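Peer 1: Take a look and give me a structure for this.
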Amino acid sequence: MTNNNSVKLKNIEIKKLVSHLNGWTLDQEYKAIIKSFVFKDFEEAFSWMISISSIAEEMNHHPEWKNVYNKVDVLLSTHDVLGLTKKDFLLAKLMDKEFEK
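Peer 2: Got it, this is the predicted structure:
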């Protein structure tokens, strides 16, 4: 049985969903959404990553990310379907919410 959140989205659905996110952009092939988060310092950036890691583990959906000092670059995609699913957009919203705390 397939979970609705794990179904590959069509481009028209992706455009609509990304338009409701703040600061997230699409890659050229509509296979990922991308955002950079900038924090006060390294400790704040790393603390955010730790809090997101718990959320991601609970969702069983893990981001690709890179941290350099106070900046975390995030790429979300569902590798199982080679594209975007609702899980990516849900995790993006949760990341934004955690960032705003």
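Peer 1: buried set for the lengthiest helix in the chain?
Peer 2: Counting by DSSP state H, the longest helix found in the chain is helix 42-59. Going by neighbour count (16 or more other CB atoms under 10 Å), the buried part of helix 42-59 is A45, W48, M49, I52, I55, A56. Just so you know, the C-beta spots here come from the backbone N, C-alpha and C atoms, and that holds for glycine as well.
Peer 1: Redo those residues as TSV? Include pLDDT.
Peer 2: Shown next, in TSV, are those (pLDDT from 0 to 100):
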residue	pLDDT
A45	98
W48	98
M49	98
I52	98
I55	96
A56	97
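Peer 1: hang on, the earlier thing: check which element follows the longest helix of the chain along the chain.
Peer 2: The helix or strand immediately downstream of helix 42-59 is strand 64-68, counting by DSSP states H and E.
Peer 1: in its sheet, what does that following strand sit against?
Peer 2: strand 71-76 (antiparallel) (DSSP bridges).
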